[in-house]
Each structure stands twice: as C-alpha cells, then as structure tokens.
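In: just to be clear, the model below is a prediction. Sequence and coordinates:
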Amino acid sequence: MAIKRIDRRTVPDTVFEQLVDEVLDGELPPGSALPAERQLAETLGVSRPTVREALQRLAHSGLVEVRQGGSTTVRDYRRHAGMDMLPRLLLRKGQLDPEVMRSILETRRLIGREAAGLAAERAGAELAAPLTELVEALATTQDSIARQLHALNFWDLLVDAADSTVFRLLYNDLRAVYEPALAALAVLMAAEVGRADLYRALAEAVLDADAPAARDLAESLLNLAATEFATALSGESA
C-alpha cells in the first residue's frame, strides 16, 4: 500500500482522499484489512482521531467496514458504494475512464427514456411554455456549452414532470457528474444538443401526452451521444 506522509495542515480531507484512491485504484482490494489506527496514524504522520474520522467517512461511503474493537476491512465498492463515488470513478488520475463514461451514457439513456414517457403521461399544460422556450434556445444558440446547459434544463423539466423521486435523485447525481465537465464533453455532446428538431419533436410528444412517441424520441436523441462516444472510442483503439 503506497501510503504517503500527510501535511498536517490538510489532514482530515487528505487522509480520506488518499485512502479512497487506494481503494478505487485496487491498491487496497476487497477483503483486505487496513492497518490498525495507531499504525496508520504513525505512517501518515497524523493523530489517531484524524485517522478515525477518515475511516468513519470511508465506512459512510460504503468503502470499508469498521468493526467495533476489530479490524477495518475493505469492501467491494461496486456492491456497497453510492453514487457519490461516480465523479471519482469517472476521472482517475486525470484520465477519463471510458467504461464508466459508457455506463453513465447508458444509464442516462434509460432514465431519459422512461422520464420522457412518464412526463407525457403526467405533465400538465404548464409545461408547454418552458419546454418551448428551451427548444427555441437550443435552436438559436451557437455556443456549445450554452447548448448543453439548455439541454440539461430541458431534461430537468421532464424529470420533474415525470414525478418520480428516484428518477429525480438519480438525475441529480448524473448532472452533478456531468455539469463540471461541460467543456471537456462539448465535442461528444455536439451531435445531441445540435438536434433542436428532435428536442422539438420530443417536447411536442410530451405535450400531446403521447408516451410511446416520447419514449422513442428520447431514446433516439440520447443515443446520439452514446454512438458518438462509441465511435470515438473505437477510433482511439484502432
């Protein structure tokens, strides 16, 4: 385990961050036991309460299991971690993880398809004005980042109209991962956010309460970014 000595001025967060990286990078594999608190504190050059706080945060994140009076065991993050780990998994050591990105695009497509269908079934007339306004903004805006923001706000409206607490929370997590990377993802998302015609057709299907059409259009629209990503990935590996 490549543990590094910690600057005391940054102890709580830095201890936690370093241990998270060790777990996610596989340096601390599932089932392995962490050193005792005292040993970790000595190795890191920090106090035992600081180590204890970091371990409690790791346990809260689902990365370790802390047994009272016993050892601290690393858990399989794929089975026990929450969506708060997604941003860390997407960017590992400054590099985009293609498998995590593919998974995000797949999940986004599935949530978007069903959210659009539920919105068509449950939305009222009050959705017409804001949806139309966002479609027109997409059609007239040339800036790639601004387009992505308009698209995000469009999906925000549909997810709210779907009236699903679980979809809302999942979408919040996906947006929290995606929004900080707008500039980096501009090329990938251009094929999607540039299709104001499909956004307009989707808005019309939702407002017409045509759930099957809304689902199909949402899937077609969200498939554009997934296809662009798969094409870029195959080009890099060729």
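Out: Looks like it arrived, so ask away.
In: can we go C-alpha only for contacts and neighbour counts from here?
Out: Fine.
In: secondary structure class for Thr73?
Out: Secondary structure, DSSP: H, G, I helix; E, B strand; the rest coil: Thr73 is strand.
In: now it: closest residue in space, sequence neighbours ignored.
Out: Among residues not flanking Thr73 along the chain, Ala33 sits closest, at 4.4 Å (C-alpha to C-alpha, 6 or more residues apart in numbering).
In: ok, that neighbour - contacts?
Out: Under the criterion of C-alpha atoms under 8 Å, 6 or more residues apart in numbering, the contact list for Ala33 reads Ser71, Thr72, Thr73, Val74.
In: so what's the closest residue in space to the last one that isn't next to it in sequence up against?
Out: In this structure, Val74 finds its nearest non-sequential neighbour in Val64, 4.3 Å apart by C-alpha to C-alpha, 6+ apart. Taking C-alpha under 8 Å, 6+ apart, we find Val64 in contact with Leu55, Leu58, Thr72, Thr73, Val74, Arg75.
In: kindly report the same for Asp13.
Out: Applying C-alpha under 8 Å, 6+ apart, the residues near Asp13 are Ala54.
In: in the helix or strand harbouring it, which residues are buried?
Out: Assigned by DSSP states H and E, Asp13 falls within helix 11-24. Going by neighbour count (16 or more other C-alpha atoms under 10 Å), the buried part of helix 11-24 is Val11, Pro12, Val15, Phe16, Leu19, Val20, Asp21, Glu22, Val23, Leu24.
In: the first one contacts Val46, doesn't it?
Out: Yes: with contact defined as C-alpha atoms under 8 Å, Val11 and Val46 form a contacting pair (6.9 Å).
In: hmm, Gln39 and Val51 touching each other?
Out: No: assessed by C-alpha under 8 Å, Val51 is found out of contact with Gln39, at 9.9 Å.
In: more crowded one of the two?
Out: Using other C-alpha atoms under 10 Å as the criterion, Val51 and Gln39 rank with Val51 on top: 24 against 13.
In: the more buried one: what secondary structure?
Out: helix.
In: from Val193, how far off is it?
Out: 46 Å (C-alpha to C-alpha, to the nearest Å).
In: and for Ser71?
Out: Counting by C-alpha to C-alpha, the gap from Ser71 to Val193 is 50 Å.
In: the two: which is more packed in?
Out: Legend: neighbour count by other C-alpha under 10 Å for Ser71 and Val193, higher for Val193 (27 against 15).
In: the more buried one: what's it in contact with?
Out: If you count contacts by C-alpha under 8 Å, 6+ apart, then Val193 has Leu138, Arg147, Gln148, Ala151 around it.
In: how about a cut-off of 7 Å?
Out: Arg147, Gln148, Ala151 (C-alpha atoms under 7 Å, 6 or more residues apart in numbering).
In: scan those and report the most crowded one.
Out: Tallying neighbours with other C-alpha under 10 Å puts Arg147 at the head of the contacts of Val193, with 26 neighbours.
In: pretty sure it contacts Thr141?
Out: Yes: contact criterion C-alpha atoms under 7 Å: Arg147 and Thr141 qualify, at 6.3 Å.
In: grab the nearest non-local neighbour of Leu91.
Out: Nearest residue to Leu91, sequence neighbours excluded (C-alpha to C-alpha, 6+ apart): Asp97, at 6.0 Å.
In: how long is stretch 117-133 end to end?
Out: So stretch 117-133: terminal residues 20 Å apart, C-alpha to C-alpha.
In: mean confidence score for it?
Out: The average pLDDT for stretch 117-133 rounds to 95.
In: next one: it to chain centre, how far?
Out: 25 Å (C-alpha atoms, centre = their mean, to the nearest Å).
In: which parts of it are buried?
Out: Gly117, Leu118, Ala119, Ala120, Glu121, Ala123, Leu127, Leu131, Thr132.
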